[in-house]
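Student: Sequence first, then the predicted structure, then my questions.
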Amino acid sequence: MRGLWTTARVKAAEDRVMARVPAGSLMRRAAFGVATVALEVLAGRRRVGLLVGAGNNGGDALWAGYYLRRRGVSVAAVLLDPPRAHAEGLAAFRRAGGRVVERLVDVDLVIDGIVGLSGRGPLRPAAAEHVAHLDAPVLAVDSPSGVDPDTGAVDGPAVRAAVTVTFGCLKPVHALADCGDVRLVDLGLGAELAGPDLLELEVSDVGAAWPVPGPTDDKYTQGVTGIAAGSATYPGAAVLATGAAVLATSGMVRYAGAAAEHVRSRWPEAICTGSITDAGRVQAWVVGPGLGTGLGAEGVLRAVLEAGVPVCADADAITMLANNPDLWDARDPDTPLVLTPHDREYERLAGKVGDDRVAAARRVAEKFDAVVLLKGHATVVAGPDGRVLVNRARTSWAATAGSGDVLSGLIGALLAAGVDPLLAAGCAARVHVLAAELAADGAPIPASSLLASVPDAIRAVRPLSSP
Ligand SMILES: NC(=O)C1=CN([C@@H]2O[C@H](COP(=O)(O)OP(=O)(O)OC[C@H]3O[C@@H](n4cnc5c(N)ncnc54)[C@H](OP(=O)(O)O)[C@@H]3O)[C@@H](O)[C@H]2O)[C@@H](O)CC1
Ligand SMILES: Nc1ncnc2c1ncn2[C@@H]1O[C@H](COP(=O)(O)OP(=O)(O)O)[C@@H](O)[C@H]1O
Ligand SMILES: [K+]
């Protein structure tokens with residue numbers, strides 16, 4: 001797992017390190033890292049432009065310009081606030097033959113030192129104007145300017161970075177927003193940083209957590225997933241959610257609901273019944289996709305919440321919980337609940353998501369004592385214990401009708417297999433994103449194709465040496 005630390009925590013750690021190292025040494029180390037990556041990106045080309053803001057981020061850029069000049073690179077700098085440009089960095093830059101210009105023209109690479117950890121709100125007009133006219137690849141210093149370093153939110157023009165060079169540790173922006181290729185320069189912060197604020201699963205974490213059958217397993221021991229989804233109007237949601245559970249693990253899947261015939265004909269291996277009372281025992285339930293919100297659906301949700309097994313509540317189940325708070329009383333407080341809202345469902349539960357999606361997911365996780373998976377290009381999974389996992393998609397092909405139904409089936413199967421609910425949601429989100437990518441391969445896909453790629457996505461995360 002990769003840890004990410006909020007800017008307040010990073011600044012506090014940097015202050016403690018700075019108190020015991022010579023003045024300016026951290027900045028020069030950071031800038032040397034920037035210059036090293038810049039030379040790599042330049043690959044022999046020799047013209048660099050700097051956009052220099054008034055803070056230490058601009059100082060990093062100026063010192064990087066100094067190191068690049070010493071390697072014979074031609075470097076021009078635009079100072080966005082000349083009287084406040086980092087004095088030592090600017091002096092070193094000029095000494096090394098760096099030029100100060102009004103506008104960047106004919107450069108092979110732009111180094112964005114407009115603003116870093118202290119950047120807040122939309123870019124100021126002068127910075128926005130330069131960013132709007134960028135026509136070369138950009139290396140962002142610490143974080144792309146115009147993107148909030150703690151939330152990844154973008155309000156107005158922002159730098160689109162091909163590569164971001166960051167220092168000390170990763171920050172939330174590096175998992176929540178597009179920063180291009182992210183490179184980390186060590187500043188020796190390690191001992192000063194306690195546990196991270198956010199976590200990002202790596203492929204190996206997902207592969208290690210994904211349940212696989214052992215020699216003593218049979219169809220029951222791996223966990224039976226129950227799917228309470230679909231309706232006469234929306235049978236497809238039942239087919240997709242059940243299919244995802246069938247493909248996610250080799251345990252058994254039971255389907256209960258009005259789409260039993262549709263599900264049976266598509267997934268003959270699922271045990272299908274028309275009603276939840278006849279469903280038999282399961283180790284986790286998925287409830288909600290395509291279920292409707294009428295009295296019958298409320299009864300199903302109540303039965304699932306009372307069942308005493310982990311529940312993944314999605315789509316209409318979330319809407320019902322938002323509209324009828326009495327339904328919460330049916331919940332067994334000792335069994336885990338995973339809620340998987342998109343923004344509109346979130347709003348029904350707890351008001352607008354806002355710019356800080358991590359804080360939004362945390363609020364609802366705490367309020368309902370549940371794991372909350374907030375859907376989107378960057379999926380945020382927050383646990384009631386304060387842990388947060390972030391998973392950003394590299395493409396947006398998953399933004400298609402029915403793809404959420406697939407996700408809920410994956411989560412349900414992992415819950416039934418006994419995976420920790422936060423990890424279950426995080427691993428499912430990761431495999432879901434990968435399945436979308438593999439299925440799309442550059443062209444739009446329906447959710448049924450995403451579903452068909454689930455086995456390939458699982459193969460891709462599992463260790464190479466495993467059977
Ligand atoms: N600490 C360390 O040990 C190390 C720190 N390091 C580096 O320092 C960076 C943090 O530096 P920092 O704290 O000086 O702030 P920084 O990000 O340059 O921004 C402040 C300036 O931006 C301005 N500004 C704000 N919002 C804006 C907007 N929307 N649009 C435009 N401008 C905006 C703001 O203006 P003001 O509000 O003052 O008018 C002020 O002038 C960090 O990211 C890393 O690169 C490395 O050298 C390693 C060692
Ligand atoms: N822009 C996007 N990029 C990547 N994934 C996205 C994007 N928008 C939505 N998704 C993902 O697609 C799925 C959509 O789920 P949902 O809105 O519930 O759809 P449905 O109800 O039609 O099944 C979620 O997994 C979500 O994270
Ligand atoms: K920057």
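Tutor: Everything's here; your move. Ligands and ions are numbered 1, 2, ... in the order given.

Student: Assign Val110 to one of the three secondary structure states.
Tutor: strand (DSSP: H, G, I helix; E, B strand; the rest coil).

Student: Count the residues that sit near it.
Tutor: Burial measure for Val110: 26 neighbouring residues, criterion other C-beta atoms under 10 Å. Where C-beta positions appear, they are placed from N, C-alpha and C, glycine not excepted.

Student: and if you look at Gly354?
Tutor: 13.

Student: swap in His342?
Tutor: Neighbourhood size, His342 [other C-beta under 10 Å]: 17.

Student: Kindly report the same for Ala85.
Tutor: 23.

Student: now swap in Pro149 and tell me
Tutor: 26.

Student: Tell me which residue is most central in the protein.
Tutor: Asn391 (2.6 Å; C-alpha atoms, centre = their mean).

Student: quick check, that residue in a helix?
Tutor: No. The assignment for Asn391, made by three-state DSSP, is strand rather than a helix.

Student: Ligand 2 contacts on the stretch 251-400 of the chain?
Tutor: Proximity of the stretch 251-400 of the chain to ligand 2 (C-beta under 6 Å from any ligand atom) is limited to residues 315, 342, 375-377, 379, 393, 396, 398-399.

Student: out of those residues, which are buried?
Tutor: 315, 342, 375-377, 379, 393, 398 (16 or more other C-beta atoms under 10 Å).

Student: how about the residues you listed in a markdown table, adding secondary structure and distance to ligand 1?
Tutor: As requested, those are exported to a markdown table (DSSP: H, G, I helix; E, B strand; the rest coil; distance: C-beta to the nearest ligand atom, whole Å):
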| residue | secondary structure | distance to ligand 1 |
| --- | --- | --- |
| Ala315 | coil | 37 |
| His342 | coil | 29 |
| Lys375 | coil | 28 |
| Gly376 | coil | 23 |
| His377 | coil | 22 |
| Thr379 | strand | 26 |
| Ala393 | coil | 26 |
| Ala398 | coil | 31 |
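
Student: hmm, back to that, list the contacts for the residue nearest to the centre of the chain?
Tutor: 200-201, 378-379, 381, 426, 429-430, 433 (C-beta atoms under 8 Å, 6 or more residues apart in numbering).

Student: distance of it from Ala175?
Tutor: 8 Å (C-beta to C-beta, to the nearest Å).

Student: From ligand 1, how far off is Val286?
Tutor: 43 Å (C-beta to the nearest ligand atom, to the nearest Å).

Student: what's the neighbour count on that residue?
Tutor: 37.

Student: Which strands and helices lie in contact with the helix or strand containing Ala435?
Tutor: Following DSSP states H and E, one finds Ala435 within helix 421-440. Judged by 3 or more C-beta pairs under 8 Å, 6 or more residues apart in numbering; DSSP states H and E, the packing partners of helix 421-440 are helix 203-209, strand 337-340, strand 371-374, strand 378-382, strand 388-392, helix 403-416, helix 447-452, helix 454-461.

Student: For that helix, the averaged confidence score.
Tutor: Helix 421-440 shows an average pLDDT of 98 in the prediction.

Student: Output it as CSV - backbone C-alpha positions only.
Tutor: Only the C-alpha atoms of helix 421-440 are listed here, as CSV (Å, rounded to 0.1, in the frame of the first residue of the first chain):
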residue,chain,number,x,y,z
PRO,A,421,-15.1,-4.7,4.3
LEU,A,422,-12.8,-1.7,3.6
LEU,A,423,-10.4,-3.9,1.8
ALA,A,424,-13.2,-5.7,0.0
ALA,A,425,-14.6,-2.4,-1.3
GLY,A,426,-11.1,-1.1,-2.3
CYS,A,427,-10.0,-4.3,-4.0
ALA,A,428,-13.3,-4.5,-5.9
ALA,A,429,-13.0,-0.9,-7.1
ARG,A,430,-9.5,-1.7,-8.3
VAL,A,431,-10.5,-4.8,-10.3
HIS,A,432,-13.5,-2.9,-11.6
VAL,A,433,-11.4,-0.1,-13.0
LEU,A,434,-9.0,-2.6,-14.5
ALA,A,435,-11.8,-4.7,-16.1
ALA,A,436,-13.1,-1.5,-17.7
GLU,A,437,-9.7,-0.6,-19.1
LEU,A,438,-9.1,-4.2,-20.4
ALA,A,439,-12.6,-4.4,-22.0
ALA,A,440,-12.5,-0.9,-23.5
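
Student: May I have the residues that are in contact with the residue sitting furthest away from the middle of the chain?
Tutor: Within the chain, the residue lying farthest from the chain centre (C-alpha atoms, centre = their mean) is Arg95, at 43.1 Å. Contact partners of Arg95, counting by C-beta under 8 Å, 6+ apart, are Tyr66.

Student: Then Leu321?
Tutor: Contacts of Leu321 by C-beta under 8 Å, 6+ apart are 301, 313, 327-328, 339, 349.

Student: about what we covered before: with distance to ligand 3 and mean pLDDT added, can I get the helices and strands packed on helix 421-440 in TSV?
Tutor: Formatted as TSV, those follow (distance: least, C-beta to the ion, whole Å; pLDDT from 0 to 100):
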stretch	distance to ligand 3	mean pLDDT
helix 203-209	28	97
strand 337-340	34	98
strand 371-374	27	98
strand 378-382	20	98
strand 388-392	19	98
helix 403-416	34	98
helix 447-452	35	98
helix 454-461	32	97
